[in-house]
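Asks: just coords:
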């Protein structure tokens, strides 16, 4: 079964994910399928992103991000 995941990231713990979460929910992604992370984007070696990439995403799944700079 193909799934759709969302990925929301901000760079610091002081920043807020709300805008991204609203956009991902509006796109139709369930809260349980939104991966959240508060970490710098300068490296892809982020815990939540690596879990998403290596354990959750399967061939044919869709990853939705609000803006490309939220990925890295």
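Replies: Sure, I can see it. Just so you know, these numbers come straight off a predicted model, no measurement behind them.
Asks: what's in contact with the lengthiest strand in the chain?
Replies: Longest strand in the chain, counting residues (DSSP state E): strand 4-10. For strand 4-10, the external contacting residues (CB atoms under 8 Å, 6 or more residues apart in numbering) are 16-17, 20-21, 24, 27-29, 33-39, 41, 46, 48-49, 52, 56-57, 61-66, 70-71. For glycine as for every other residue, the C-beta is placed from the backbone atoms N, C-alpha and C.
Asks: report the buried members of those residues.
Replies: Among the contacts of strand 4-10, the ones that count as buried by 16 or more other CB atoms under 10 Å are 17, 20-21, 24, 29, 33-35, 37-39, 46, 48-49, 52, 57, 63-66, 70.
Asks: returning to that earlier point: sheet partners, orientation included, of the longest strand of the chain?
Replies: Partners of strand 4-10 in the sheet, by DSSP bridges, are strand 34-38 (parallel), strand 62-65 (parallel).
Asks: buried stuff in that strand?
Replies: Applying 16+ other CB under 10 Å to strand 4-10 flags 5-10 as buried.
Asks: ok, residue 70 - contacts?
Replies: Counting by CB under 8 Å, 6+ apart, residue 70 touches 7-9, 20, 41.
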